[in-house]
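Visitor: I'll drop the sequence and a predicted model, then ask my questions.
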Amino acid sequence: MFDLLGGGVFAFVQNDLRSNIGGVRHRYEAATPDSPTLEKLALNERKCGQREGAACLVRLIRGLWFTCEALRNMQEDRNAELHVCFRRSFDAVLKPRMSFVVRSVVSVAIRAVPHRHDFYARLAQGGSHEKFDSELTKWLAGLEVVILRMKDFLEQGGYGTV
């Protein structure tokens, strides 16, 4: 999806997601039999006195939450330009956890997103906007279930604030 925003505008988000997926994968590969779920991966890692995989998991869930909220904002406010939808998501999910310098870079990147109509057309890939919107609603609902479950687990378990 971030590739569709064009020009590496959200390269930092992509790199962060990839890095965090890599960290979780590394932990999984180090203890595959003890890590059949993300929750068990974090619990097992804690028993071993480590926390890199869980830290990556916290950041990964935060990045997915940002993405989910941005797309939900896009769906719910059909008159808002895309940069407004992403700004709302950033302000709610990521901004409180970032330094002033990073917030400044993100602000510039958000202003550079394509127009809403162009982005939506790219996501729909030539299909009907109604069908795409219906499928996106289902996908976001499923993603939200995962995010909320993991957010609750990570925060209550003391792994970090998503």
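Guide: Right, received. Where do you want to start?
Visitor: Which residues belonging to the lengthiest helix in the chain are considered buried?
Guide: Counting residues, the longest helix found in the chain (DSSP state H) is helix 129-156. Residues 132, 136, 140, 143, 147, 150-151, 153-154 are the ones in helix 129-156 that count as buried (16 or more other CB atoms under 10 Å). For glycine as for every other residue, the C-beta is placed from the backbone atoms N, C-alpha and C.
Visitor: gap between the residue positioned nearest the centre of the chain and residue 20?
Guide: When CA atoms, centre = their mean is applied to the chain, the residue found nearest the centroid is residue 64 (1.8 Å). In this view, residue 64 and residue 20 are 10 Å apart by CB to CB, to the nearest Å.
Visitor: cool, residue 98 as well?
Guide: 15 Å.
Visitor: Please identify which of those two sits among more neighbours.
Guide: residue 20 (21 against 13; other CB atoms under 10 Å).
Visitor: ok, now which ones touch that one?
Guide: 56-57, 59-60, 63 (CB atoms under 8 Å, 6 or more residues apart in numbering).
Visitor: Export these to JSON lines and append columns for secondary structure, distance to residue 117 and pLDDT.
Guide: Formatted as JSON lines, the contacts of residue 20 follow (DSSP: H, G, I helix; E, B strand; the rest coil; distance: CB to CB, whole Å; pLDDT from 0 to 100):
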{"residue": "56", "secondary structure": "helix", "distance to residue 117": "35", "pLDDT": "97"}
{"residue": "57", "secondary structure": "helix", "distance to residue 117": "35", "pLDDT": "98"}
{"residue": "59", "secondary structure": "helix", "distance to residue 117": "32", "pLDDT": "95"}
{"residue": "60", "secondary structure": "helix", "distance to residue 117": "30", "pLDDT": "96"}
{"residue": "63", "secondary structure": "helix", "distance to residue 117": "26", "pLDDT": "90"}
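Visitor: ok, so of those residues, who is nearest residue 106?
Guide: Using CB to CB, residue 63 is the member of the contacts of residue 20 that lies nearest residue 106, at 12.4 Å.
Visitor: I'd guessed the closest one sits against residue 16; true?
Guide: Yes - Residue 63 is within contact range of residue 16, at 5.7 Å (criterion: CB atoms under 8 Å).
Visitor: ok, those two, which is more surrounded?
Guide: Neighbour count, other CB under 10 Å: between residue 63 and residue 16, residue 63 has more, with 21 against 18.
Visitor: Now that one: closest residue in space that isn't a chain neighbour?
Guide: residue 17 (4.8 Å; CB to CB, 6 or more residues apart in numbering).
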